[in-house]
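[1] Coordinates for the following, if possible.
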Amino acid sequence: MCMKRHQDFYKLKTVLPLFLFLLYAFIILMIPFPVYAAEKVRVSDIRFWSYPDYTRVVINLSENTDYTQNRLAHPDRLYFDLKNSTLNKELLKTISVGNGMLRTVRAGQFSENTVRVVLDLDKMTSYKVLTMEDPIRLIIDIYGQKQAAAVKKRIVLDPGHGGHDPGAVGPRNLYEKDVVLDIALKLKKILGQEQEFEVFLTRETDVFIPLEQRTAIANSKNADMFISIHANASTRRDAKGIETYLLNWSNDEEAMKVAARENAISLKKMKKMNEGRDVLDIMLSDLRRDSKREESLNLATVVQKNMVSGLNKSYSHVVDHGVKQALFYVLFGAQMPSVLVEVSFISNPLEEKLLSKDSYRMELAQSIASGVNKYMSALPEGQTVARNSRNVAP
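    Purely as a prediction, here's the structure:
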């Protein structure tokens, strides 16, 4: 009898916790809870850069969101519906452009959960859409009517960083932004001595230019070539050498680290970009279709080779990292052969010392110029490099 009671007690002790847990779960499920909607994406800013046959519109968002797009007639307009979004109350609702391609940009709360951005068109021949992060931006490139071809070949040089963005900083506080600006100014002077070249800089002073504006400047000039100039950096102090990049997918860890730093995003986000290929696949297919990827590869190869051979004349043990590929924001949407050069590692004490010297910067500029000249001279007589549908305006 005593044994039976002990067994019954043991069973009760085992089953009771399970019974109480199930009862608690049932009560919780029966209690009504308020449903909280996901926090809406905030449309915080809309701005544009306008040029004779090209306009770039940039929409700043607090988070990534889905959107739909469509084009309507009578009147001609292009609209984007941003899902689960709300419009910043301080945002100007109508922005006047009036450049012959785009009349106005309008934004409004189309519904409780949708912001509609409308581009009122005038004479648009085509458009492209891409996205960037940190901050998250939806970018719309609008292209207008063809212009007369330029006599000179146009080159746009882009000294990286600037203003409040110092870029990489060396062990002795040498700023990347100062080094690359000086190299770009020297390079402009050297190339400017060639009568067939017209050379532009995205910045000529210590000012900050957003990455998306740098590409817009190159497109607005209808450039035949775009070269973005940077100094490399690594957590390894012994890392050194020179490398040149073109825009493309890459699974190379080191290449993604360089692109993440230049894009001012985390390596995690950089890797995520390699997973989401929808919009960028369209952009890269355009590059392949217009032969610009092949031209960019040729340009990168010639520039890299000449930088290494040029520096080897005066300096020993120049490390050649070769030509690489990565997703650099500054090359997104470029309508011409475009490359990004990493001239040396500013994080390396020895190479930082070299970069601080005027003579070394001059030799870098001369070596890049030699590569540009060889690339241009290899083109068939009278051929412009950027063989897209929009020729250059004089």
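[2] use CA for all of it now, contacts and neighbours both
    Will do.
[3] now the strands for the stretch 251-394 of the chain?
    All strands of the stretch 251-394 of the chain, identified by DSSP state E, counting those that start in this stretch, fall at 320-326, 338-345.
[4] hang on, I meant the stretch 51-200 of the chain
    Counting by DSSP E, counting those that start in this stretch, the strands of the stretch 51-200 of the chain are 54-61, 67-72, 77-83, 85-87, 94-96, 102-111, 114-121, 126-132, 136-143, 153-159, 197-201.
[5] Show residues contacting the fourth one.
    Spelled out, that is strand 85-87. Residues outside strand 85-87 that contact it (CA atoms under 8 Å, 6 or more residues apart in numbering): 40-44, 65, 107-109, 112-115.
[6] D252: which of the strands of the stretch 51-200 of the chain is closest?
    Closest to D252 of the strands of the stretch 51-200 of the chain is strand 126-132 (CA to CA; 20.5 Å).
[7] Which other helices and strands does that closest one contact?
    Taking 3 or more CA pairs under 8 Å, 6 or more residues apart in numbering; DSSP states H and E as contact, the helices and strands that strand 126-132 lies on are strand 136-143, helix 278-289.
[8] tilt between that strand and strand 54-61?
    40 degrees (axes from the mean of the first three to the mean of the last three CA atoms, to 10 degrees).
[9] ok, of the contacts of strand 85-87, which come out buried?
    K40, V41, R42, V43, A107, G108, Q109, T114, V115 (16 or more other CA atoms under 10 Å).
[10] Could you tell me how many residues sit around the closest residue to P166 other than its chain neighbours?
    Counting by CA to CA, 6 or more residues apart in numbering, P166 lies nearest to K177, which is 5.2 Å off, once chain neighbours are set aside. As a burial measure, K177 scores 26 neighbours (other CA atoms under 10 Å).
[11] For K177, give its distance to E194.
    26 Å (CA to CA, to the nearest Å).
[12] do the same with M307
    Going from M307 to E194 by CA to CA gives 19 Å.
[13] and if you look at M336?
    According to CA to CA, M336 and E194 sit 20 Å apart.
[14] Look at those two and report which has more neighbours.
    Legend: neighbour count by other CA under 10 Å for M336 and E194, higher for M336 (26 against 12).
[15] Near the closest residue in space to Y360 that isn't next to it in sequence, how many other residues are there?
    Sequence neighbours aside, L354 is the residue nearest to Y360 in space, at 6.0 Å (criterion: CA to CA, 6+ apart). Residues within reach of L354, counting by other CA under 10 Å, total 17.
[16] ok, now E243?
    For E243, the count of nearby residues is 27 (other CA under 10 Å).
[17] Give me the phi and psi for it.
    Torsion angles at E243 (phi, psi; degrees, to the nearest 10) stand at phi -150, psi 160.
[18] bridging residues for it?
    With DSSP bridges applied, E243 shows beta-bridge pairing to E342.
[19] per-residue confidence at it?
    Among the per-residue scores, E243 holds a pLDDT of 97.
[20] Contacts only, for K374.
    Residues in contact with K374 (CA under 8 Å, 6+ apart) are V302.
[21] Show the end-to-end separation of stretch 85-100, please.
    Note: stretch 85-100 ends 30 Å apart using CA to CA.
[22] on that earlier part again, the helices and strands packed on strand 126-132: lowest mean pLDDT?
    The stretch with the lowest average pLDDT out of the helices and strands packed on strand 126-132 is helix 278-289, scoring a mean of 52.
[23] Surely E204 is within a strand?
    No. E204 is assigned coil when assessed by DSSP: H, G, I helix; E, B strand; the rest coil, not a strand.
[24] Next up, phi/psi of it, please.
    For E204, the backbone dihedrals (degrees, to the nearest 10) come out as phi -120, psi 0.
[25] looking at it, it is touching L181, isn't it?
    Yes. Judged on CA atoms under 8 Å, E204 makes contact with L181 at a distance of 7.1 Å.
[26] When the two are compared, which one has more neighbours?
    Taking other CA under 10 Å, E204 and L181 do not tie; L181 has more neighbours (24 against 15).
[27] list the contacts for the more buried one?
    Counting by CA under 8 Å, 6+ apart, L181 makes contact with P159, G160, R203, E204, T205, D206.
[28] one more time with 6 Å
    The contact partners of L181, by CA atoms under 6 Å, 6 or more residues apart in numbering, come to P159.
[29] With adjacent residues omitted, what lies nearest to M270?
    Using CA to CA, 6+ apart, the closest residue to M270 is A260 (5.7 Å).
[30] And that neighbour, what's its pLDDT?
    For A260, the pLDDT comes out at 81.
[31] what's the spacing between the residue lying closest to V179 once chain neighbours are set aside and I59?
    Excluding the flanking residues, the one nearest V179 by CA to CA, 6+ apart is L355, at 6.8 Å. Distance, L355 to I59, by CA to CA: 37 Å.
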